[in-house]
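A.B. asks: Need a 3D model of the following:
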Amino acid sequence: MKSQKRFKPQKSYDNRRSKLWVKGVNQASSPWEEKALAVFQPDILVTVQYLSTYRRRFHLQPEQLLMLAVLEDAVVCFQDNLTAVTPRKQSLFREAEEWILDDDKSYLFSFDNICEGVALDPNYVRRGLIRWKEMFLRELDRKQARQQLAS
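C.D. replies: Reported below is the predicted structural model:
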């Protein structure tokens, strides 16, 4: 019968597996030595990966960033002021909704031109915002109906 050697993982001084295990270093050494030697391990991060952290995820030109900011502002005005009570906020909603629903491409910062400028389908975005508005208003009506029944 062959005797098989069983592999036992090396343990650190406090009987736990060492988190900073360094190949070729005696595990009986002090934990401070392990930490110090772990610094000299080869880095597995490729240069391209390191440099990619400093690059933008979306390669947009400054004009496209401006277009995206205009689109974002319109969507925020549309969604935040849907149920507004004050005339100023109602005006913000109305202007945003008119701009979103207008399919005129004659001026540079129209909804359609901005969506196309940032690689979005304007009809898809428009339909999504309209659907969001309808669902929000339906849910609001349901809540109001429940409150009337409860009172």
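A.B. asks: If you count residues, where's the longest helix of the protein?
C.D. replies: Counting by DSSP state H, the longest helix found in the chain is helix 122-150.
A.B. asks: same for that one, what does it pack against?
C.D. replies: Applying 3 or more C-beta pairs under 8 Å, 6 or more residues apart in numbering; DSSP states H and E, we find helix 122-150 packed against helix 62-80, helix 87-101, helix 111-117. Quick note: C-beta positions are derived from backbone N, CA and C, even for glycine.
A.B. asks: highest average neighbour count across those helices?
C.D. replies: Neighbour counts (mean count of other C-beta atoms under 10 Å) averaged over each of those peak at helix 111-117, with a mean of 19.
A.B. asks: Could you report the pLDDT at Lys8?
C.D. replies: Looking at Lys8, its pLDDT stands at 54.
A.B. asks: Next: the one 4 residues further on.
C.D. replies: pLDDT, the model's per-residue confidence, is 49 for Ser12.
A.B. asks: excluding its backbone neighbours, what's nearest Ser110?
C.D. replies: Leaving aside its sequence neighbours, Ser110 sits nearest to Asp104 (C-beta to C-beta, 6 or more residues apart in numbering; 5.7 Å).
A.B. asks: how about the one you found, secondary structure?
C.D. replies: coil (DSSP: H, G, I helix; E, B strand; the rest coil).
A.B. asks: What is the burial count for it?
C.D. replies: If you count neighbours by other C-beta atoms under 10 Å, Asp104 ends up with 10.
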